[in-house]
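Q: Here is a sequence with its predicted model. Questions after.
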Amino acid sequence: MKKVFFFVFLAFVLISACSSKRETSTSTLDTLGVDSDFIKTEVVAEQTSGAVEPVKIKKDTVLDNAARFIAGLPQLNKNSFTELEKDKYWIDYKASMDANWKKMYDTRLSKIADWEKSTFSKSVDGSLSLFYPFSGPDFLHAFYLFPHAHQYMLAALEPIRAVVPLDARTEKFRDAFLDSLGHSLRDIFNKSYFITNHMEKDLKQVKGVLPALYFFIERTNHEMLAQKFITVDSLGNEVELYGKKINWQKTPGVKITFRDRTTNEVKTLYYFSVSISNGGLKDRPNFVRFIASKAPFNSFVKSASYLMHKDAFTKIKDLLIANSNHVFQDDTGMPYKYLKNKLNWKGQFYGEYVKPVRDFSSELYQKDLDSAYQASKPQPLPFSLGYHWSTKKQNYMLFSKEKKLTINK
């Protein structure tokens, strides 16, 4: 394996602001089960910047080769997968994935990219880390909406399992594996979100979220550099796991380091397989500390089954409100009532607000949100991303803290 070392210089720009006492009150911290040390509340009067030490990264070429094969992309050098690309099953798989990707890019992703550049980027600090709860393995839309983030934190129930070495398996096994993966991506291609019931079945076939994450990372013009399984200790620090130990953890996670092939920027993706219900967060204070230690961050919520409208999901709302500088969500995220009367937050509205799709109760319709849309003259949303994919009557809201949290140096 080639030993290549890369040096990455990352800079963080800190935004001037003051912290709202309400966002970091003792009562809020107590409900999260988090010490105040783990909530970033310090502020500065002027913009400052701090550079971290260069990070030495060794590329795992075997990992990147496998990820390209899984993504239906040709190898860039001769290796154990080169000959396998001549098999009919892989040629057919590549053709199918190329066609699906092109259709999705033309109808959705290109529009998101243009909108992010022309509109969205002017309202958010896109360099902040991104927290995406209820995400499943959807790195795709996280990247297209927040392409300048250096760190992505995804959390959902879907499991993490090591990817089998496909170049050491039979053609029949590889064919079934890629067929299952392609099938598991159908909802993302057609509807822009994963369906929980489908994932429960589909991800058993491909052993967890990693194949889908590999697919999205490679297809968005990145290369895999490294991967390790992790958990989180009592201080909120990541701890590397070896062998099958990840299967026995209360807070199993994976950390993937990857690089943009165009800009050479090195980025990190964390995915945690956890319950983020009140009970799940109470049982995992280490995870809460880890997420809070990354503040301030941007948060993104979409197609979240209206879970934060339920009493069993109040702690995740507290975590988002306390630690986010910006929250970008559709109506399946936090109920509008939790943000409309907070003086420290301002909202921008996009698209069109209509009643929830028929899969969900009409009681989830928010009259106060409808009134806010009517009064605010919402900006156009040139793409559909969420449950209203069939009608294109999609809504999104950007809530931004007036007094922003700043980054610890």
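A: The structure has been received and is ready for your questions. Numbering: from 1, shown residues only.
Q: just how off-centre is the lengthiest helix in the chain within its chain?
A: Selection of the longest helix in the chain by residue count, based on DSSP state H, yields helix 88-104. Averaging C-alpha positions (CA atoms, centre = their mean, to the nearest Å) puts helix 88-104 24 Å from its chain's average.
Q: One more: stretch 131-145?
A: That offset, for stretch 131-145, works out to 3 Å (CA atoms, centre = their mean).
Q: Extract the C-alpha trace of it and format it as CSV.
A: In CSV, the C-alpha atoms belonging to stretch 131-145 read as follows (Å, rounded to 0.1, in the frame of the first residue of the first chain):
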residue,chain,number,x,y,z
PHE,A,131,-25.3,18.0,13.5
TYR,A,132,-28.0,15.9,11.7
PRO,A,133,-30.2,13.9,14.0
PHE,A,134,-32.7,11.3,12.6
SER,A,135,-30.4,11.2,9.6
GLY,A,136,-30.0,7.5,8.7
PRO,A,137,-27.0,7.3,6.4
ASP,A,138,-28.0,10.4,4.5
PHE,A,139,-24.6,12.2,4.1
LEU,A,140,-25.8,13.2,0.6
HIS,A,141,-28.1,16.1,1.5
ALA,A,142,-26.0,17.1,4.5
PHE,A,143,-23.2,17.7,2.1
TYR,A,144,-25.2,19.5,-0.6
LEU,A,145,-26.7,21.9,1.9
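Q: Please shift the residue numbers so they start at 171 in all later answers.
A: Okay, using 171 as the starting number, the last item reads as stretch 301-315.
Q: wait, doesn't residue 429 sit right on residue 390?
A: No: look at residue 429 against residue 390 with CB atoms under 8 Å: they stay out of range, at 11.6 Å. The way it works is simple: take the backbone N, C-alpha and C, and place the C-beta from them, glycine included.
Q: For the helix or strand where residue 287 lies, name the packing helices and strands.
A: Per DSSP states H and E: residue 287 is located in helix 280-288. Helix 280-288 is packed against helix 309-315, with contacts defined by 3 or more CB pairs under 8 Å, 6 or more residues apart in numbering; DSSP states H and E.
Q: for the helix it packs on, packing partners?
A: So helix 309-315, by 3+ CB pairs under 8 Å, 6+ apart, packs with helix 280-288, strand 321-326, helix 380-389, strand 467-471.
Q: if we can go back for a sec, touching the helix holding residue 287 from outside, list them.
A: Contact with helix 280-288 is made by 311, 314-317, 551-553, 555, as judged by CB atoms under 8 Å, 6 or more residues apart in numbering.
Q: distance between that helix and the chain's centre?
A: Counting by CA atoms, centre = their mean, helix 280-288 comes out at 18 Å from the chain centroid.
Q: Direction-wise, compare it with helix 258-274 and give the angle.
A: 50 degrees (axes from the mean of the first three to the mean of the last three CA atoms, to 10 degrees).
Q: Tabulate the helices and strands packed on helix 309-315 in JSON lines, adding columns for mean neighbour count.
A: As requested, the helices and strands packed on helix 309-315 are arranged in JSON lines below (neighbours: other CB atoms under 10 Å):
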{"stretch": "helix 280-288", "mean neighbour count": "15"}
{"stretch": "strand 321-326", "mean neighbour count": "22"}
{"stretch": "helix 380-389", "mean neighbour count": "24"}
{"stretch": "strand 467-471", "mean neighbour count": "26"}
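Q: For residue 339, find the nearest of the ones you listed.
A: helix 380-389 (13.4 Å; CB to CB).
Q: Which neighbouring elements make contact with whichever helix or strand comes after the closest one?
A: With elements assigned by DSSP H and E, the helix or strand that comes after helix 380-389 is strand 392-402. For strand 392-402, the packing partners by 3+ CB pairs under 8 Å, 6+ apart come out as strand 225-228, helix 231-241, helix 380-389, strand 408-411, strand 423-430, strand 436-443, helix 455-463.
Q: Could you export the ones you listed as CSV, including mean pLDDT?
A: Converted to CSV, the helices and strands packed on strand 392-402 look like this (pLDDT from 0 to 100):
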stretch, mean pLDDT
strand 225-228, 73
helix 231-241, 98
helix 380-389, 98
strand 408-411, 98
strand 423-430, 98
strand 436-443, 98
helix 455-463, 98
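Q: Deepest in the core, which of those is it.
A: Ranked by mean neighbour count, the helices and strands packed on strand 392-402 are led by helix 380-389 with a mean of 24 (mean count of other CB atoms under 10 Å).
Q: Looking at the helix holding residue 287 now, give me its mean pLDDT.
A: Computed over helix 280-288, the mean pLDDT rounds to 98.
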